[in-house]
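Enquirer: 3D, please:
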Amino acid sequence: MIDTIRIVFDPARLTGKFVRDAGTAGAIWSRLVPKALDVYGASISEAIIELPWASVLALVLEFGTRNQQQQLSFRFRPEGQAAELLGKFSEEVQATRRIAANAAGVQFDDIAGQLKERGFTKRELKAFQLRDLERLIALPHGANFSVPGAGKTTVTLALHMLVDPTDRRLLVIGPKSSFLAWRQAVEQCLDLSPDELGVEQFLVLDGSKAEIQAHLNSGRRRFVMNYEMAVRNADILSSFMARVPVHLVLDEAHRMKGGLASQRGAFLLNVANLPVRRDILTGTPMPQSPSDLAAQIGFLWPGQGFDLRLTRGDAPRDVCRNLYVRTTKHELEIPPARRHFIQVGMAPGHLALYSVVRKEALRELTRVTGASIGSPIDFIGARRSVMRLLQLSSNPALALQAMSRDMVGFNSGIADAVLEEGPSLKMRAVEAHVRDLARSGRKALVWTIFTDTLLELERMLADLNPVTLYGGVPSGSDNDLETREGRIVRFHNDASCQVLIANPAAAGEGISLHMVCHDAIYVDRSYVSTHYLQSIDRIHRLGLPPNVETNISIYQTKAPAGIGSIDFSVSRRLANKIRSLQQLLDDTDLHEIALDEEEADDPIDYDVDLQDLVDLVEELEGRGRSPSEEDEPH
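Expert: Predicted coordinates:
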């Protein structure tokens, strides 16, 4: 007897159900239940297994072959919308396998000509953009992992116009900083004459639920919204994508890397089957580890098992072979950046304070790194110690008040000496560097991870008319000097504005400064490679003239032998993380990818892993090797 397992799709819950009749399907049911027990959000009863739809697809792929059904004497019977979705899934599996095995791709005739017919007339795509576009057209869904400046936004807009120029809605979900780039792409690429298809600009989805619902029902075809707004309006978006053909694009897609463990990841994975096409864009396919890529690939290809292979340790390049495009920094053919490491000592009061904090931090960090397996680890306390050392390395006055409150028996004489010394020698060296550049007519971009340090530098350089960018600066009109956009415009256009001081977590996305600034100065850096690499690309990107020299100056605080400098530990760990990423993706240009920070406001949230802490302990104990420029990949 052949047993039947019915498959039903629940559009309200975005789940699927395996349903069996009483007394049937014993062999297959005994295999489905253990698999379902491992699935997040599963609900299991005697006759029904309810799972997220992507998990249903995965189990159908695993057990739905003709051979499996014959061996276990059963068959799947999809009903209603489930039949339609499973038919589409089967087509995508076949297409994915075919394309993954075909490195040469599919040739399309006259892409540029077809784009012009659709109103894409104001920008001529470069050879690498046409190559990427050709590959993406061949894919039912696609990933663009190109470096910033390679034109991911332009290529995606062209892709949308080619795959369906009139019927589908284009919905882009990304950080607010990406909105301007999408609106500029329409203005810079499309013929905006009233009779052309490309006339419509992107509409920002914001406001109340009623307002967003009205926008979606207005007949407009291009929308952009941020991740937080998308999560808050999950029901509205799900309903919209279920009844209207939508091309869904995730910009800075690594922001969903948390998968089902995060709100944005869970929402996107649950609705993945609804859009008629999905594309992800990010210069960060995997910010910290291959597992960061799993949720993104699970969104792009739900149920096909690529995400599971990544979490099990398969090499990303093998798992995703031919299923993504990426233009490297080398292919942009821009002059390489020159990097300079500048070591600066500490004034006596600064050194005394750093030594006291080093002792306390070393005690805290040793407890963490020496903890036995299974013992609880106080990562919060360890990260607090790391942040305090990073603050003290550049700006001792920044943490002084908190330290005098928290540390019993704190020496007030040291505090008096620090306050009398004023800004650290490192900050004064940065100030002198910026002034030298200004005298030679060169604008400077200064990076620091701490807002208080940023504001202090703003005071020190007040006569150079600086502008600042950090988490507290709102977005808005580029005519308003109090907004992020207004300050960027001023830095570009005002000759008297000679320095931009920025936090890489808040200002690393959506900013292009390479036409007016060619010198970046780092007061400090965190252990997060994303901040350093993505901030470089603000001034080192496509469009840089061939005769322009880009300088990256990294200031490091030097401590006496045996005390150790956290700046040196940061340098070593950044080098290690960047090299690991290079090896994982088998790409020597990976260190040039601009990696975006997921949480952009508070530096206390900067990732610090256990190996970072181990390296820092060795440094503070005087066992760390002095870093050199060769430590960090070129």
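Enquirer: how about low-confidence regions in the stretch 301-450 of the chain?
Expert: Across the stretch 301-450 of the chain, the ranges flagged by pLDDT under 70 are 368-381, 401-402, 404-411.
Enquirer: can you give me the helices for it?
Expert: 306-311, 316-319, 348-369, 379-394, 396-406, 412-421, 425-439 (DSSP state H, counting those that start in this stretch).
Enquirer: Nearest to Leu170, out of those helices?
Expert: helix 306-311 (24.9 Å; C-beta to C-beta). Any C-beta I mention is one placed from the backbone N, CA and C, and that applies to glycine too.
Enquirer: Now do that closest one: which elements does it pack against?
Expert: Where contact means 3 or more C-beta pairs under 8 Å, 6 or more residues apart in numbering; DSSP states H and E, helix 306-311 is packed against helix 291-300, helix 316-319.
Enquirer: buried stuff in it?
Expert: For helix 306-311, a neighbour-count test (16 or more other C-beta atoms under 10 Å) marks 306-307, 309-310 as buried.
Enquirer: got the CA positions of that helix in PDB?
Expert: What follows is helix 306-311 as a C-alpha-only set of coordinates in PDB (Å, rounded to 0.1, in the frame of the first residue of the first chain):
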ATOM      1  CA  PHE A 306      23.300  25.500   0.900                       C
ATOM      2  CA  ASP A 307      22.900  27.200   4.300                       C
ATOM      3  CA  LEU A 308      23.200  23.900   6.100                       C
ATOM      4  CA  ARG A 309      26.400  23.100   4.200                       C
ATOM      5  CA  LEU A 310      27.900  26.400   5.300                       C
ATOM      6  CA  THR A 311      27.000  25.900   8.900                       C
END
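Enquirer: closest to Gln129 among the buried residues of helix 306-311?
Expert: Distances from Gln129 to the buried residues of helix 306-311, taken by C-beta to C-beta, are shortest for Phe306, at 25.6 Å.
Enquirer: So that closest one is in contact with Cys320, correct?
Expert: Yes - between Phe306 and Cys320 there is a contact under C-beta atoms under 8 Å: 6.7 Å.
Enquirer: overlap in contacts of the two?
Expert: Taking C-beta atoms under 8 Å, 6 or more residues apart in numbering as the contact rule, Phe306 and Cys320 both touch Ile297.
Enquirer: For Leu180, grab the count of nearby residues.
Expert: Counted with other C-beta atoms under 10 Å, the neighbours of Leu180 add up to 17.
Enquirer: which SS class is it?
Expert: helix (DSSP: H, G, I helix; E, B strand; the rest coil).
Enquirer: Ile488 is in contact with that one, correct?
Expert: No - with contact defined as C-beta under 8 Å, Leu180 does not reach Ile488; the gap is 9.4 Å.
Enquirer: Common neighbours of the two, please.
Expert: Counting by C-beta under 8 Å, 6+ apart, nothing touches both Leu180 and Ile488.
Enquirer: Spatially nearest residue to His433 (excluding sequence neighbours)?
Expert: Counting by C-beta to C-beta, 6 or more residues apart in numbering, Ile521 is the residue found nearest to His433 once chain neighbours are left out, at 5.9 Å.
Enquirer: Show me what the one helix or strand that neighbour maps to is packed up against.
Expert: Here Ile521, judged by DSSP states H and E, is contained in strand 517-522. Under the contact definition 3+ C-beta pairs under 8 Å, 6+ apart, strand 517-522 sits against helix 425-439, strand 443-447, helix 529-536, strand 551-557.
Enquirer: can we see that at 10 Å?
Expert: Strand 517-522 sits against strand 338-344, helix 425-439, strand 443-447, strand 499-502, helix 529-536, strand 551-557, with contacts defined as 3 or more C-beta pairs under 10 Å, 6 or more residues apart in numbering; DSSP states H and E.
Enquirer: Of those, which is nearest Ala150?
Expert: helix 529-536 (13.7 Å).
Enquirer: Gln201: neighbouring residues, count only.
Expert: Counted with other C-beta under 10 Å, Gln201 comes out at 15.
Enquirer: buried ones in stretch 485-497?
Expert: For stretch 485-497, a neighbour-count test (16+ other C-beta under 10 Å) marks 485-492, 497 as buried.
Enquirer: List the ones among these that fall in helices.
Expert: With helices taken from DSSP state H, the overlap with the buried residues of stretch 485-497 comprises 485-492.
Enquirer: Please enumerate the strands of the stretch 51-200 of the chain.
Expert: Assigned by DSSP state E, counting those that start in this stretch, the strands in the stretch 51-200 of the chain fall at 74-78, 142-144, 169-173.
Enquirer: Figure out which of these is closest to Asn551.
Expert: Across the strands of the stretch 51-200 of the chain (criterion: C-beta to C-beta), the nearest stretch is strand 142-144, sitting at 29.5 Å.
Enquirer: I'd like the average pLDDT over the closest one.
Expert: On average, the pLDDT along strand 142-144 is 95.
Enquirer: neighbouring strands for it, and are they parallel or not?
Expert: strand 277-281 (parallel), strand 324-325 (parallel) (DSSP bridges).
Enquirer: Could you point out which of those strands sits nearest Arg384?
Expert: Nearest to Arg384, of all these, is strand 277-281, at 34.4 Å by C-beta to C-beta.
Enquirer: pLDDT (mean, whole number) over that closest one?
Expert: 96.
Enquirer: returning to what we had before: pick the most deeply packed of the strands of the stretch 51-200 of the chain.
Expert: Comparing the strands of the stretch 51-200 of the chain by mean neighbour count (mean count of other C-beta atoms under 10 Å), strand 142-144 ranks first with a mean of 27.
Enquirer: just how off-centre is that strand within its chain?
Expert: With C-alpha atoms, centre = their mean, to the nearest Å as the basis, strand 142-144 stands 14 Å off its chain's centre.
Enquirer: one step back: quick one: closest of the strands paired with strand 142-144 to Ala83.
Expert: Nearest of these (C-beta to C-beta): strand 277-281, 20.7 Å.
Enquirer: picking up where we left off before, output the helices of the stretch 301-450 of the chain as TSV; include the columns distance to Gly258.
Expert: As requested, the helices of the stretch 301-450 of the chain are exported to TSV (distance: least, C-beta to C-beta, whole Å):
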stretch	distance to Gly258
helix 306-311	13
helix 316-319	18
helix 348-369	23
helix 379-394	17
helix 396-406	30
helix 412-421	40
helix 425-439	35
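Enquirer: if I pick Ile5, what's in contact with it?
Expert: Ile5 makes contacts with 17-21, 24-25, 28-29, 32, 49, 59-60, 63-64, 69, 72, 74-78, as judged by C-beta atoms under 10 Å, 6 or more residues apart in numbering.
Enquirer: Going through those residues, which ones are buried?
Expert: 17-20, 25, 28-29, 32, 49, 59-60, 63-64, 69, 72, 74, 76, 78.
Enquirer: Now do the same contact list for Arg97.
Expert: Here Arg97 is in contact with Gln304 (criterion: C-beta under 10 Å, 6+ apart).
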